[in-house]
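Chemist: Please work out how this folds:
(one chain, ligands or ions: 1)
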Amino acid sequence: MGLNKKTIRDIDLKGKKVVMRVDFNVPIKEGKIKDDTRIVAALDSIKYIIEKGASLVLLSHLGRPDGEKKVEYSMKPVAEKLQELLGKKVIFADDCIGEAVVKQANALKSGEVMLCENTRFYKQEDMKAKTDEDKKLQDDFVKELAKLGNVYVNDAFGTAHRAHASTALICKYVRPSVAGFLMEKEIEYLGNAVSNPQHPFVAIIGGAKVSGKLEVLKSLMEKVNTIIIGGGMAYTFLKAQGHTIGASLVEEDLIATALDTLKTAKEKGVKFMLPIDNVIADKFDNAAAIKTVGLEVPDNWMALDIGPKTVALYTEEIKNAKTIVWNGPMGCFEMSNFANGTMSICRAVAESGAISVIGGGDSVSAVNQSGLASKMTHVSTGGGASLEFLEGKSLPGVTALDDK
Ligand code: AMP
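Modeler: Now for the predicted structure:
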């Protein structure tokens with residue numbers, strides 16, 4: 001399943017004023033960008049648009065400034081980084097709406113690029129407008145954003161699951177509205193993996209909680225041959241099966257749901273794999289006392305990673321896969337003593353030769369940490385968006401674009 005929306009390839013850009021939503025929500029510490037992956041990911045669309053003879057205004061949010069102009073959330077360092085990566089001048093506008101910015105946007109010549117200040121400096125960007133008054137306030141803001149161009153492009157896959165002012169609502173006032181190359185690539189890879197998979201299709205689902213992954217489990221259950229479970233969420237399933245889990249993470253209120261999920265997997269013929277051994281610690285700390293145990297976790301100990309037998313079992317399953325979708329780490333990989341499970345699974349996926357799609361913020365950090373990102377077929381830039389896509393939900397930022 002490809003993208004059934006128009007892209008920048010489908011429209012004439014010459015002489016147009018393009019306003020493009022990008023996802024430049026990058027980690028910044030003391031004014032320095034710690035990871036520029038998301039800026040690099042937008043370069044193809046940016047270069048294409050200006051090479052085709054349009055001028056370009058870029059919009060993005062950064063962090064959660066809660067509708068206030070807070071200097072630590074300024075896009076200025078991003079403009080500097082973009083200028084460096086693009087190798088050409090990037091004008092920085094110190095607001096995203098208002099007369100002065102519109103004037104700056106109108107003055108742009110073809111091939112010129114301007115990045116506006118953080119859209120979330122206005123609460124209208126991401127407010128859930130319920131009252132008529134709030135709806136009007138948000139609509140006025142959207143109309144202001146719409147003055148920045150006569151073509152709208154959405155290349156912000158990372159926020160495509162949100163119907164915000166600059167990600168979806170703006171399409172009401174700017175046509176054509178089309179997708180950028182990153183958006184197209186993300187939807188194609190994720191879409192092909194889930195709707196046109198080669199079998200065996202293996203889903204690896206980990207992370208802290210079952211609650212965050214129930215929907216994706218439900219949706220993948222219809223499509224995959226095997227579900228591999230790791231991370232904190234495994235222990236709710238193991239407790240449901242009657243094992244002792246000590247002080248491991250558990251969602252007591254989801255034990256019945258976990259049992260239902262296991263039952264559904266059995267009915268659908270999906271192989272549902274849970275850890276058979278664990279790395280346990282006497283506290284949630286990299287310096288904790290550590291042991292490897294089988295299925296039963298003693299009182300006061302917590303399982304923070306899958307054990308070596310589980311790694312071997314999962315690796316064997318992954319080896320035979322033709323399609324792999326991975327969301328969520330196998331343990332607390334941020335602490336070196338509990339990273340082995342996640343890193344071993346990274347290696348197994350990289351060596352499998354399968355089509356591998358990595359979605360979700362933490363699994364992407366883990367894959368980057370492993371140094372094996374280039375061995376994966378596709379590493380998604382959007383955590384929440386890729387999860388919602390895998391859950392089978394439609395993404396408002398995509399839905400709002402022009403149909404092909
Ligand atoms: P999520 O956002 O749900 O994908 O969860 C990712 C987080 O789960 C990471 O920060 C991991 O450190 C954490 N995590 C993974 N395994 C465990 C575990 N066994 N116990 C507690 N937290 C875990």
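Chemist: For the rest of this, base every contact and every neighbour count on C-alpha atoms.
Modeler: OK.
Chemist: Give me the number of neighbouring residues for L13.
Modeler: 20 (other Cα atoms under 10 Å).
Chemist: pretty sure it contacts E51?
Modeler: No. If you go by Cα atoms under 8 Å, L13 and E51 don't touch, sitting 9.2 Å apart.
Chemist: Looking at A193 now. What's its pLDDT?
Modeler: At A193 the predicted local confidence, pLDDT, stands at 88.
Chemist: ok, now G2?
Modeler: Predicted confidence (pLDDT) for G2: 72.
Chemist: ok, it - contacts?
Modeler: E184, I187, E188, G191, N192 (Cα atoms under 8 Å, 6 or more residues apart in numbering).
Chemist: mind redoing it with 6 Å?
Modeler: E188 (Cα atoms under 6 Å, 6 or more residues apart in numbering).
Chemist: before we move on, what SS does the closest residue to E391 other than its chain neighbours have?
Modeler: Leaving aside its chain neighbours, E391 sits nearest to V216 (4.4 Å; criterion: Cα to Cα, 6 or more residues apart in numbering). Classification of V216 by DSSP: H, G, I helix; E, B strand; the rest coil places it in helix.
Chemist: Do I have it right that V216 meets K393?
Modeler: No. Checked against Cα atoms under 6 Å, the pair V216 and K393 is beyond contact range at 9.8 Å.
Chemist: Tell me which of those two has more neighbours.
Modeler: More crowded of V216 and K393, by other Cα under 10 Å: V216, with 19 against 15.
Chemist: What residues of stretch 309-322 count as buried?
Modeler: Of the residues in stretch 309-322, T310, V311, Y314, T315, E317, I318, A321, K322 count as buried by neighbour count, 16 or more other Cα atoms under 10 Å.
Chemist: Next step: those residues restricted to helices.
Modeler: Mapping the buried residues of stretch 309-322 onto helices (DSSP state H) picks out T310, V311, Y314, T315, E317, I318.
Chemist: what residues does the stretch 251-400 of the chain put near the ligand?
Modeler: A303, L304, D305, G328, P329, M330, G331, C332, F333, E334, D362 (Cα under 6 Å from any ligand atom).
Chemist: May I have the beta-bridge partners of the third one?
Modeler: Think D305. Beta-bridge partners of D305, counted by DSSP bridges, are V279.
Chemist: need the contact list for it.
Modeler: D305 touches N278, V279, G331, F338, counting by Cα under 6 Å, 6+ apart.
Chemist: Nearest to V22 among these?
Modeler: G331 (31.5 Å; Cα to Cα).
Chemist: does the closest one sit in a helix, a strand or a coil?
Modeler: coil.
Chemist: quick one: it and L304 touch, right?
Modeler: Yes. Counting by Cα under 6 Å, G331 does reach L304; the two are 5.3 Å apart.
Chemist: in a strand, that's where E144 is, yeah?
Modeler: No. Looking at E144 with three-state DSSP, it is helix, so not inside a strand.
Chemist: returning to that earlier point: got a markdown table for the buried residues of stretch 309-322, with distance to P65 too?
Modeler: Formatted as a markdown table, the buried residues of stretch 309-322 follow (distance: Cα to Cα, whole Å):
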| residue | distance to P65 |
| --- | --- |
| T310 | 42 |
| V311 | 41 |
| Y314 | 41 |
| T315 | 42 |
| E317 | 44 |
| I318 | 41 |
| A321 | 43 |
| K322 | 43 |
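Chemist: Confidence-wise, which of the residues of the stretch 251-400 of the chain next to the ligand comes last?
Modeler: D362 (85).
Chemist: count of residues packed around that residue?
Modeler: With other Cα under 10 Å as criterion, D362 counts 18.
Chemist: now swap in T244 and tell me
Modeler: With other Cα under 10 Å as criterion, T244 counts 16.
Chemist: ok, it to E222 distance?
Modeler: 30 Å (Cα to Cα, to the nearest Å).
Chemist: Could you do A256 as well?
Modeler: Taken as Cα to Cα, the span from A256 to E222 is 20 Å.
Chemist: list the contacts for I255?
Modeler: A240.
Chemist: Can I take it that it is in a helix?
Modeler: Yes. Per three-state DSSP, I255 lies within a helix segment.
Chemist: so how far is A193 from it?
Modeler: For I255, the distance to A193 - Cα to Cα - is 30 Å.
Chemist: Could you do D66 as well?
Modeler: 36 Å.
Chemist: If you count surrounding residues, which of these two has more?
Modeler: Using other Cα under 10 Å, the more surrounded residue of D66 and A193 is A193, with 20 against 14.
Chemist: how about the more buried one, what does it touch?
Modeler: By Cα under 6 Å, 6+ apart, A193 has no neighbours at all.
Chemist: how many neighbours does D253 have?
Modeler: D253: 10 neighbours (other Cα under 10 Å).
Chemist: Show me the helices in the stretch 51-200 of the chain, by range?
Modeler: 76-86, 99-107, 132-146, 181-195 (DSSP state H, counting those that start in this stretch).
Chemist: Format these as a markdown table; extra columns: distance to the ligand.
Modeler: Below are the helices of the stretch 51-200 of the chain laid out as a markdown table (distance: least, Cα to the nearest ligand atom, whole Å):
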| stretch | distance to the ligand |
| --- | --- |
| helix 76-86 | 26 |
| helix 99-107 | 37 |
| helix 132-146 | 30 |
| helix 181-195 | 18 |
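Chemist: D402: which of these is closest?
Modeler: So among the helices of the stretch 51-200 of the chain, helix 181-195 is nearest, using Cα to Cα, at 13.1 Å.
Chemist: I'd like the mean pLDDT over the helix or strand just after that closest one, please.
Modeler: Per DSSP states H and E, the first helix or strand lying C-terminal to helix 181-195 is strand 201-205. For strand 201-205, mean pLDDT rounds to 97.
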